[in-house]
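Novice: Need the 3D shape of this:
(one chain, ligands or ions: 1)
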Amino acid sequence: MRHLLKLSDLSPEELLSLLNFAKGIRRRPADYSSACAGKVLASLFFEPSTRTRLSFESAMLRMGGNVVGFADVSSSSAQKGESPEDTCRMVSIYSDIVAVRHPVAHTPEKMAAVSRIPVINAGDGANEHPTQTLADMFAIHDRFGAFGGLTVGICGDLKYGRTVHSLIAALAPFASTRFILISPPELAVPGEYLDGLDGRRLIFSPDLEKNLPELDVLYMTRIQKERFQDYAEYHRLSGRYILNKEKMRRAKKNMIVLHPLPRVDEISPDMDDDSRAWYFKQAEGAFFCRMALIMRLLGLEREI
Ligand code: NCD
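Specialist: Numbering: from 1, shown residues only. Modelled structure (predicted):
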């Protein structure tokens, strides 16, 4: 049995084969309509979510499976003080696979340690969000057909943005890809997520406009308001990066703009109709990636 707790649980080969499998499902989704018949997904969201939760649940339902769980922690026994591990022990009895989001980093790992069924990390605090990265990589692969040789700009809250940490882990093995990490110094990527990365592949900059013309991929992120202890600090740092139609004139014609969503003000809606705005397409791909992942972890993977 395997879990997906952090991106590095997947080797680059496994990641690529999972993306290929997801592409196969996208080509003929109807063929998978009973692929998970009789299986149950437990969807445990201890933190707010729209896309991630609904796409996991919808992925399972569209493969003929069922879903149990909660979207609001106030309706679960966590409210009475139950530990996530105990919740997971119980859920292992009722279901075949778990997707969990939790505000405290590494909680999915603790749950997996006592679980009889596969556990998927759907976002743990400011640590990782590996299934969002599947969607990010799916979009990049769709657009460029490969991951090498790209200049990837990641902009915004690189400290608390868990999707950023997983994305760096996913792209790190592709040695010819360079990162331009664009943030104020206070929101820089914590060193632990850059461990082992050759410094020559990394540029740190506070300036989006200066770096924009160089980028093949621009990954914009929201300043993660809910992770700040000090709201004055949030207000000081928010609103700093706003990508819009005007700025996009300086970007390459064949680059793409990604965002894990939800956006606040960092991407102006005036550029949604730009052919380089890929963030909604990216969200669509997430659905097929989650179908592929559920099938793989349940041992049901097959090309139909
Ligand atoms: C992200 C998350 O939850 O980390 N959202 C998502 O799942 N697509 C990004 C964010 O909330 O900013």
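
Novice: host element of the residue in the stretch 1-150 of the chain that the ligand sits nearest to?
Specialist: Here the stretch 1-150 of the chain gets closest to the ligand at one residue, residue 52, 4.1 Å apart by Cβ to the nearest ligand atom. From N, CA and C alone the C-beta is placed, and that goes for glycine too. Using DSSP states H and E, residue 52 sits in helix 51-62.

Novice: what about the closest residue to residue 125 other than its chain neighbours, neighbour count?
Specialist: The spatially closest residue to residue 125, leaving aside those adjacent along the chain, is residue 105, at 3.6 Å (Cβ to Cβ, 6 or more residues apart in numbering). Residue crowding around residue 105 was assessed by other Cβ atoms under 10 Å; the count is 14.

Novice: Check residue 135 too.
Specialist: Residues near residue 135, counting by other Cβ under 10 Å: 29.

Novice: where's it relative to residue 82, distance?
Specialist: From residue 135 across to residue 82, the span is 31 Å (Cβ to Cβ, to the nearest Å).

Novice: for residue 44, same thing?
Specialist: Residue 44 sits 12 Å away from residue 82, taking Cβ to Cβ as the criterion.

Novice: on that earlier part again, does anything pack onto the helix holding residue 52? Which helices or strands?
Specialist: Applying 3 or more Cβ pairs under 8 Å, 6 or more residues apart in numbering; DSSP states H and E, one finds that helix 51-62 makes contact with strand 40-45, strand 66-70, strand 97-102, strand 119-124, helix 130-144, helix 279-297.

Novice: Helices of this protein, residue ranges please.
Specialist: Using DSSP state H, the helices of the chain run over residues 12-27, 51-62, 84-94, 107-114, 130-144, 162-171, 208-211, 231-237, 245-248, 279-297.

Novice: now the ones you listed as a markdown table including mean pLDDT?
Specialist: Converted to a markdown table, these look like this (pLDDT from 0 to 100):
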| stretch | mean pLDDT |
| --- | --- |
| helix 12-27 | 96 |
| helix 51-62 | 96 |
| helix 84-94 | 95 |
| helix 107-114 | 97 |
| helix 130-144 | 98 |
| helix 162-171 | 98 |
| helix 208-211 | 98 |
| helix 231-237 | 95 |
| helix 245-248 | 98 |
| helix 279-297 | 97 |
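
Novice: With distance to residue 197 as added columns, please give those helices in CSV.
Specialist: CSV is the format used below for those (distance: least, Cβ to Cβ, whole Å):
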stretch, distance to residue 197
helix 12-27, 14
helix 51-62, 27
helix 84-94, 31
helix 107-114, 23
helix 130-144, 16
helix 162-171, 8
helix 208-211, 18
helix 231-237, 25
helix 245-248, 28
helix 279-297, 24
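
Novice: count of neighbours near the closest residue to residue 159 other than its chain neighbours?
Specialist: The shortest distance from residue 159 to any residue other than its chain neighbours is 4.5 Å, reached at residue 187 (Cβ to Cβ, 6+ apart). Counted by other Cβ under 10 Å, the residues lying close to residue 187 total 22.

Novice: surely residue 187 meets residue 158?
Specialist: Yes - with contacts counted by Cβ atoms under 8 Å, residue 187 reaches residue 158, the gap being 5.7 Å.

Novice: re earlier: what separates the residue nearest to residue 159 from residue 207, distance-wise?
Specialist: Here the distance between residue 187 and residue 207 works out to 14 Å (Cβ to Cβ).

Novice: now residue 287
Specialist: Where residue 207 is concerned, residue 287 sits at a distance of 35 Å (Cβ to Cβ).

Novice: What of residue 160?
Specialist: The separation that residue 160 has from residue 207, given Cβ to Cβ, amounts to 20 Å.

Novice: For the stretch 151-300 of the chain, what lies in contact range of the ligand?
Specialist: Applying Cβ under 6 Å from any ligand atom, one finds that the stretch 151-300 of the chain approaches the ligand through 162, 163, 222, 260, 261.

Novice: All set, thanks.
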